[in-house]
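1. show me the folded form of this:
(one chain, ligands or ions: 2)
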Amino acid sequence: MKSADKQNDLLNGLIVREQEPLNLEMPFSTLSGFTTPNESFYVRCHFPIPEIAAADWRLKVEGEVEAPFELGYDDLLQMEARTVPATLECAGNNRIFLEQKVKGVQWELGAVGNASWTGVPLSALLARAKVKPGAIEVILEGADEGEIANPPRPAGKIRFARSIPLSKAQDDVLLAYEMNGEKLSATHGFPVRAIVPGWYAMASIKWLGRIIATSKPFAGYYQSIDYSYWERTSGELPTLRPLAEQQLKAEIARPENGAAVPASATVKVHGAAWGGAAEIAKVEISADDGRTWSAAQLLGEPVKDAWRLWEYDWRTPATPGPQTLMARATDSRGHTQSPARNADHGTYMISHVLPIRVEVR
Ligand SMILES: Nc1nc2c(c(=O)[nH]1)N[C@H]1C(S)=C(S)[C@@H](COP(=O)(O)O)O[C@H]1N2
Ligand SMILES: [Mo]
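-> Ligands and ions are numbered 1, 2, ... in the order given. Sure, this is the predicted structure:
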């Protein structure tokens, strides 16, 4: 279960969670700074990776628009570009920690990474297409396709697609062709992917092929049956809602789960925090099962939609034995991570405080 219990297969330093489709996790203990190097960035695919030549690639903009059009790779490269940092986290990150085992890729801590993305704002393409007044959402569709294994499922092959509210699409969604200054790799969505800042990464469609404005809420497979959760806003009535905003979270990178640390020593606890509706205001560490908490030091400056690194000097006990470390984040609106799992979140949005077990020797 924990990384120390079992040797994981590695591919270029990434944990192979699945070969086909390709699912690779960054061992979170290798967190090396604010920017995750491209070769260390986790990879999440639902279908085989489509091989697309830049010269053949076309992006269609259609649906509830006055002026549908399509463009090619060079056309996009000629448009005004922006570079923005954004932390992507898979909505299933930390699934291996759930005590009641659930289906899905058993991610530990590393289905998350932070990169700077260069591309064209989606708003520029929507403006060119002239979105009709009745449109409420924008569907983004990838070029990858395959069959869903288990019912309920649509018949035959489907493509990976998600929608976002029109307001979000017109606000800060980027159509990215560069990741940390390099051309996107095939694994991360070449030629072009969407980046939906602040949202779980299922919304950041790779191998983008179509942009469809729609006047009805989209209820595609990955918007309803998969990548959704139960929300209870009005009383107790659970309502199915597509996953969207990343939830507030702090993760410990080092010491790693299962590590041995010396007794009566100062050990640096290091990690990252992200998500939530507001800036990270505080990260705290507990070494006594959550009875007492001490503030960690936030490193660097806050960057919108990107994680914040932090560290804490932990004075280890004199007596050898097992110890549990926990980190929890608080945002500037005073919202703090929950100590307990919300079962309405199903197999996703695992954002409660996680125990990291270490052995004092
Ligand atoms: N077309 C397409 N886009 C996709 C996916 C996919 O399978 N197909 N996976 C999504 C999910 S669930 C995640 S977590 C991110 C992962 O992005 P990465 O592989 O660049 O880390 O891509 C998202 N975009
Ligand atoms: Mo994901």
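2. for ligand 1, what's its nearest residue on the stretch 101-250 of the chain.
-> Here the stretch 101-250 of the chain gets closest to ligand 1 at one residue, G142, 2.3 Å apart by Cβ to the nearest ligand atom. The C-beta positions use only the backbone N, C-alpha and C, and glycine is treated the same way.
3. doesn't that residue lie inside a helix?
-> No: according to DSSP: H, G, I helix; E, B strand; the rest coil, G142 belongs to no helix; its state is strand.
4. ok, it - contacts?
-> Residues touching G142, when contacts are defined by Cβ atoms under 8 Å, 6 or more residues apart in numbering, comprise P50, R159, F160, A161, G189, I205, K206, W207, L208, G209.
5. and the chain, what are its domain boundaries?
-> Under automatic domain parsing, the residue ranges defining each domain of the chain are 10-242, 249-360.
6. tell me the residues of the stretch 201-350 of the chain that contact ligand 2?
-> Applying Cβ under 5 Å from the ion, we find that the stretch 201-350 of the chain lies next to ligand 2 at M202.
7. apply 6 Å and report the result again.
-> Residues of the stretch 201-350 of the chain found near ligand 2, taking Cβ under 6 Å from the ion as the criterion, are A201, M202.
8. picking that back up, now the domains of the chain as CSV including mean pLDDT?
-> Below are the domains of the chain laid out as CSV (pLDDT from 0 to 100):
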stretch, mean pLDDT
domain 10-242, 97
domain 249-360, 97
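9. only the buried residues of the top helix by length along the chain, if you could.
-> As far as residue count goes, and with DSSP state H defining each element, the longest helix of the chain is helix 122-129. By neighbour count with 16 or more other Cβ atoms under 10 Å, helix 122-129 contains the buried residues L122, A124, L125, L126, A129.
10. how about residues contacting it?
-> By Cβ under 8 Å, 6+ apart, the surrounding residues in contact with helix 122-129 are 59, 61-62, 65-69, 71, 79-80, 138, 169-171, 173-175, 194, 211, 213.
11. turn the buried residues of helix 122-129 into JSON lines, including distance to E25.
-> Formatted as JSON lines, the entries for those read as follows, by distance: Cβ to Cβ, whole Å:
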{"residue": "L122", "distance to E25": "28"}
{"residue": "A124", "distance to E25": "34"}
{"residue": "L125", "distance to E25": "33"}
{"residue": "L126", "distance to E25": "34"}
{"residue": "A129", "distance to E25": "37"}
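12. and of those, the nearest to G104?
-> Of all those, G104 sits closest to L122, with 28.6 Å by Cβ to Cβ.
13. in the sheet, who's paired with the spatially most central residue of the chain?
-> The centroid of the chain falls nearest to E89 when counting by Cα atoms, centre = their mean (1.5 Å). Beta-bridge partners recorded for E89 (DSSP bridges): V112.
14. now E141
-> A161, R210.
15. so where do the helices sit in the stretch 1-150 of the chain?
-> Counting by DSSP state H, counting those that start in this stretch, the segments of the stretch 1-150 of the chain that form helices are 73-78, 122-129.
16. kindly export the last one (C-alpha atoms) in PDB.
-> Looking back up the chat, that one is helix 122-129. This file holds the C-alpha atoms of helix 122-129, laid out as PDB (Å, rounded to 0.1, in the frame of the first residue of the first chain):
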ATOM      1  CA  LEU A 122      -9.500  30.500 -25.400                       C
ATOM      2  CA  SER A 123     -11.300  33.800 -25.200                       C
ATOM      3  CA  ALA A 124      -9.600  35.000 -28.400                       C
ATOM      4  CA  LEU A 125     -11.000  32.000 -30.400                       C
ATOM      5  CA  LEU A 126     -14.400  32.400 -28.900                       C
ATOM      6  CA  ALA A 127     -14.400  36.100 -29.700                       C
ATOM      7  CA  ARG A 128     -13.500  35.300 -33.300                       C
ATOM      8  CA  ALA A 129     -16.300  32.700 -33.600                       C
END
